[in-house]
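Asks: Structure here, sequence nowhere to be found:
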């Protein structure tokens, strides 16, 4: 009889664990985690380097339009990150650079036609191609400020809020300003002030 009771107690202890472990398991179950159902999950899509061009590879534009009108609907993300080089900004001979308003209009037209900005949270940040040949943020050639969805220069902090928690995204903008033409504009730079600002954003996240 004693052996039977001891076996039952040992079995109970090994499966349930001591009270501290039971509490730990309960807290783990309550925390956001994937399970048998599609709960506590949200989808984020990242696309980058679209390089929409008026001169080169028209397939880039049609592919992006198909992505916005068809492909993205299968995933239904909560957030879409477009991380730089929305436009190509290279001249026809591929040697020089310039900001071509037509390329930006093509990008914006696809967003409006597909309803992407209404259906999804759309964060599009600048890349070096998006700033070629721009002497100042106030320049009329700064088409990012006119045609992008976000129209926000500089690094920033976005918080995606869900019923099961808040999730932080820090978007880093390291483009040069003034922004020279190619081939002198291929490396981003963050100043001491910008690094300090990123540290603040990190603490906020």
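Replies: Structure's in. What do you need? Keep in mind it's a predicted model, so treat the numbers as computed, not measured.
Asks: Can you list the low-confidence ranges for the protein?
Replies: 1-34 (pLDDT under 70).
Asks: Quick check: chain neighbours aside, which residue is closest to the residue nearest the centre of the chain?
Replies: The residue lying closest to the centre of the chain (CA atoms, centre = their mean) is residue 81, at 2.8 Å. Nearest non-adjacent residue to residue 81, counting by CB to CB, 6 or more residues apart in numbering: residue 46, 4.5 Å away. Quick note: C-beta positions are derived from backbone N, CA and C, even for glycine.
Asks: doesn't that neighbour fall inside a strand?
Replies: Yes. Counting by DSSP: H, G, I helix; E, B strand; the rest coil, residue 46 is part of a strand.
Asks: Pretty sure it sits against residue 83.
Replies: Yes. At 6.1 Å, residue 46 counts as touching residue 83 under the criterion of CB atoms under 8 Å.
Asks: The two: which is more packed in?
Replies: Neighbour totals were compared for residue 46 and residue 83, and residue 83 leads with 17 against 11 (other CB atoms under 10 Å).
Asks: I'd like the distance between that one and residue 41.
Replies: Distance, residue 83 to residue 41, by CB to CB, to the nearest Å: 22 Å.
Asks: what do you get for residue 130?
Replies: In terms of CB to CB, residue 130 sits 32 Å off from residue 41.
Asks: Compare those two (neighbour count), which wins?
Replies: residue 130 (26 against 13).
Asks: residues in contact with the more buried one?
Replies: By CB atoms under 8 Å, 6 or more residues apart in numbering, the residues touching residue 130 are 84-87, 89, 144, 175.
Asks: hmm, which two among these are most spread apart?
Replies: The two members of the contacts of residue 130 with the most space between them (CB to CB) are 87 and 175, at 13.3 Å.
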